[in-house]
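Q: how does the following fold in three dimensions:
(one chain, ligands or ions: 1)
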Amino acid sequence: MAASFPSPIICKATTNNNHPHALDSFHVRRAAEIADKSAGLTSPHPNFGCVIATAGKVVGEGYLYAQGTKPAEVQAVEAAGELCRGATAYLNMEPGDCHGDRTAVSALVKAGITRVVVGIRHPLQHLRSHALRAMRSEGLQVDVLGEDLKSKVVEEALKSCLIVNAPLIYRAASRVPFSVLKYAMTLDGKIAASSGHASWISSKESRYRVFELRGRSDAIVVGGNTVRKDNPRLTARHGGGHVPIRIVMSRTLNLPEVANLWDVSSVPTIVVTQRGARKNFQKFLASKGVEVVEFDILNTRDVMEYFYDRGYLSILWECGGTLAASAISSGIIHKVFAFVAPKIIGGKNAPTPVGELGMVEMTQALDLIDFSYEQIGPDMLISGFLQPLPDPTPVIPSVDETYAIDPSVTPYESSIIFFYKTWDLYGAFSNFSPHPIQMPDENGDYQTWSSVEHYYQVTTFAA
Ligand SMILES: Nc1nc(O)c(N)c(N[C@@H]2O[C@H](COP(=O)(O)O)[C@@H](O)[C@H]2O)n1
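A: Residues are numbered from 1 along each chain as shown. The predicted structure follows:
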């Protein structure tokens with residue numbers, strides 16, 4: 001059963017009945033709020049919540065505890081019992097119907113639910129709209145936020161639904177796990193004293209919040225320097241929830257023999273390194289139960305693509321400035337959590353949270369999107385996205401609709417390829433596909449571009 005802890009992300013659902021769709025939005029926000037309770041535990045599946053209400057009154061609730069457990073809709077129906085007849089079900093996301101068993105949809109239909117309000121369609125293309133179609137074909141009225149229901153309050157509820165499954169949405173669009181860079185720094189921007197000593201910059205309250213962030217992640221990444229200097233444990237010690245695995249990135253494997261991360265009795269550790277590095281040390285790590293993965297050339301993007309293939313959904317980076325800069329440069333960091341402590345340490349050589357990014361003018365600085373400030377104990381937490389939230393609900397015409405738009409496409413044709421749509425199977429053919437590319441500049445140095453279109457626009461139109 002998922003541990004319950006206060007959500008650092010979702011706003012509490014409040015209602016103002018004067019707005020159109022206020023009640024619908026209120027209940028969908030509540031569905032998102034409860035869905036968030038199991039963040040980290042459902043990976044790689046989404047976080048699902050379901051609220052059943054009749055005459056504006058909530059009669060049942062449920063959320064997916066972990067992957068493979070009872071669907072949120074089934075739990076809510078069981079809680080509401082007979083009160084489901086004629087009631088409305090509110091879902092933060094369209095059910096997944098992974099195995100074609102339609103458990104969630106069947107539960108709602110059998111219970112006598114007559115209307116369903118859905119926050120967002122399923123972000124994964126192979127699952128998108130299946131459950132919506134199934135519910136509609138069973139005669140239920142299905143309203144999707146932003147499509148069938150539109151208003152200011154609906155937008156806010158929709159945002160809650162997007163945020164609660166942001167890792168899945170970013171992952172689906174960028175083909176790497178959702179990555180959060182977290183650091184704690186002094187007011188003068190240092191993550192340690194010149195000596196390297198860093199415990200502690202942030203307060204107990206902030207460090208507790210970091211445990212919660214860890215609990216929402218599949219893995220935590222640090223570099224060799226952090227292992228050598230801090231000897232971290234990287235465990236979630238907030239009393240419950242999910243415990244992420246630990247990943248160490250080290251090209252040289254110049255790492256100590258004694259380190260907390262080599263104790264894998266309760267949490268695994270994976271060390272990723274460059275092919276051929278310190279073979280004896282690799283054997284030593286293996287003897288401790290630490291998995292070692294070699295890469296031809298160790299870089300942050302390849303490592304994230306590897307963990308994407310292994311099914312990782314979200315990663316927390318707790319590394320030093322050099323690795324953080326390389327992760328940001330390669331375009332794999334989606335969100336930043338910066339804890340700022342009201343203290344000054346000074347020091348010309350004291351390390352800072354982000355190393356060299358090659359920027360020379362302030363106009364090049366990366367602006368955080370949708371940022372927020374929160375006071376935690378004496379510290380300030382500033383968080384925000386480094387990349388805009390991808391639109392997970394593009395309007396994909398059905399086969400019949402496509403025929404109506406273009407009669408040359410027969411509805412009986414089984415495989416229709418929608419070129420130049422980033423969400424389709426062949427989306428990589430599009431300039432707009434959200435896949436970063438690396439292209440050499442005039443000096444032969446490789447530069448990363450967020451998409452082919454970014455590269456094209458700059459090289460074509462820059463004076
Ligand atoms: N949140 C936070 N506040 C500080 O003051 C810090 N120095 C850090 N450091 C990070 O946390 C790691 C130690 O984690 P454990 O307590 O051993 O689990 C350290 O290696 C830094 O990544 N964080």
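Q: quick check: phi and psi on residue 60?
A: phi -170, psi 150 (degrees, to the nearest 10).
Q: what sits against the closest residue to the ligand within the stretch 251-400 of the chain?
A: Of all residues in the stretch 251-400 of the chain, residue 318 sits closest to the ligand, with a separation of 3.6 Å (Cβ to the nearest ligand atom). The way it works is simple: take the backbone N, C-alpha and C, and place the C-beta from them, glycine included. Neighbouring residues of residue 318 by Cβ atoms under 8 Å, 6 or more residues apart in numbering: 182, 183, 210, 220, 221, 222, 226, 232, 234.
Q: ok, of these, which one's closest to the ligand?
A: For the contacts of residue 318, the nearest to the ligand is residue 232 (3.3 Å; Cβ to the nearest ligand atom).
Q: okay, now the closest one: neighbour count?
A: Residues within reach of residue 232, counting by other Cβ atoms under 10 Å, total 18.
Q: now it, what's its secondary structure?
A: Three-state call for residue 232 (DSSP: H, G, I helix; E, B strand; the rest coil): coil.
Q: for whichever strand or helix holds residue 205, give the mean pLDDT please.
A: Assigned by DSSP states H and E, residue 205 falls within helix 204-215. Per-residue pLDDT over helix 204-215 has a mean of 96.
Q: tell me the strands beside the following helix or strand past that helix, with direction?
A: Per DSSP H and E, helix 204-215 leads on to strand 219-223 as the next helix or strand towards the C-terminus. According to DSSP bridges, strand 219-223 forms sheet pairs with strand 245-249 (parallel), strand 314-317 (parallel).
Q: so for the longest one, mean pLDDT?
A: It stands for strand 245-249. Rounded mean pLDDT across strand 245-249 is 98.
Q: neighbours around the closest residue to residue 172 other than its chain neighbours, how many?
A: In space, residue 172 comes closest to residue 123 once its chain neighbours are excluded; the distance is 5.0 Å by Cβ to Cβ, 6 or more residues apart in numbering. By the criterion of other Cβ under 10 Å, residue 123 has 24 neighbours.
Q: and what of residue 265?
A: With other Cβ under 10 Å as criterion, residue 265 counts 6.
Q: what helix or strand is the residue nearest to residue 172 on?
A: Going by DSSP H and E, residue 123 is not in any helix or strand.
Q: so it is in contact with residue 167, correct?
A: No: between residue 123 and residue 167 there is no contact under Cβ atoms under 8 Å: 10.3 Å.
Q: one step back: got the phi and psi for the residue of the stretch 251-400 of the chain closest to the ligand?
A: phi -120, psi 40.
Q: now the strands paired with strand 219-223 in a markdown table, with mean neighbour count?
A: Compiled in a markdown table, the strands paired with strand 219-223 are given as follows (neighbours: other Cβ atoms under 10 Å):
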| stretch | mean neighbour count |
| --- | --- |
| strand 245-249 | 25 |
| strand 314-317 | 27 |
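Q: can you read off the pLDDT for residue 123?
A: For residue 123, the predicted pLDDT is 89.
Q: return the distance of it relative to residue 206.
A: 31 Å (Cβ to Cβ, to the nearest Å).
Q: list the contacts of residue 336.
A: 180, 181, 182, 368, 382, 383, 384, 385, 386.
Q: can we see that at 6 Å?
A: Applying Cβ atoms under 6 Å, 6 or more residues apart in numbering, we find residue 336 in contact with residue 181.
Q: over to residue 131?
A: Residue 131 touches 94, 95, 97, 105, counting by Cβ under 6 Å, 6+ apart.
Q: am I right that residue 51 is in a helix?
A: No: counting by three-state DSSP, residue 51 falls outside a helix, being strand.
Q: my read: it touches residue 27, true?
A: Yes: using Cβ atoms under 6 Å, residue 51 is in contact with residue 27, at 4.9 Å.
Q: anything in contact with each of those two?
A: Joint contacts of residue 51 and residue 27 (Cβ under 6 Å, 6+ apart) are residue 90.
Q: what about those two, which has more around it?
A: residue 51 (31 against 24).
Q: which residues does residue 23 contact?
A: residue 56.
Q: give me the distance between it and the ligand.
A: 40 Å (Cβ to the nearest ligand atom, to the nearest Å).
Q: find the residue closest to residue 383 in space, skipping its chain neighbours.
A: The nearest residue in space to residue 383 (Cβ to Cβ, 6+ apart) is residue 337, at 4.7 Å.
Q: surely the one you found forms part of a strand?
A: Yes: under three-state DSSP, residue 337 falls within a strand.
Q: for it, report the pLDDT, please.
A: 98.
Q: excluding its backbone neighbours, what's nearest residue 128?
A: Residue 128 sits nearest to residue 122 (Cβ to Cβ, 6+ apart), 4.7 Å away.
Q: count the neighbours of that neighbour for me.
A: 25.
Q: surely it is in contact with residue 91?
A: No: using Cβ under 6 Å as the test, residue 122 is too far from residue 91 to be in contact (10.5 Å).
Q: so which bits of this protein are right by the ligand?
A: Residues of the chain found near the ligand (Cβ under 6 Å from any ligand atom) are 184, 198-202, 206-207, 210, 222, 226, 230, 232-235, 318, 339.
Q: what's the burial count for the residue of the stretch 51-200 of the chain found nearest the ligand?
A: Of all residues in the stretch 51-200 of the chain, the one sitting closest to the ligand is residue 184 (3.4 Å; Cβ to the nearest ligand atom). Residue 184: 23 surrounding residues under other Cβ under 10 Å.
Q: in which helix or strand would I find it?
A: strand 178-186.
Q: packing partners of that strand?
A: Helices and strands touching strand 178-186, by 3 or more Cβ pairs under 6 Å, 6 or more residues apart in numbering; DSSP states H and E, are helix 166-174, strand 314-317, strand 335-341.
Q: so which of those gets nearest residue 449?
A: For residue 449, the closest of the helices and strands packed on strand 178-186 is helix 166-174, at 13.6 Å, according to Cβ to Cβ.
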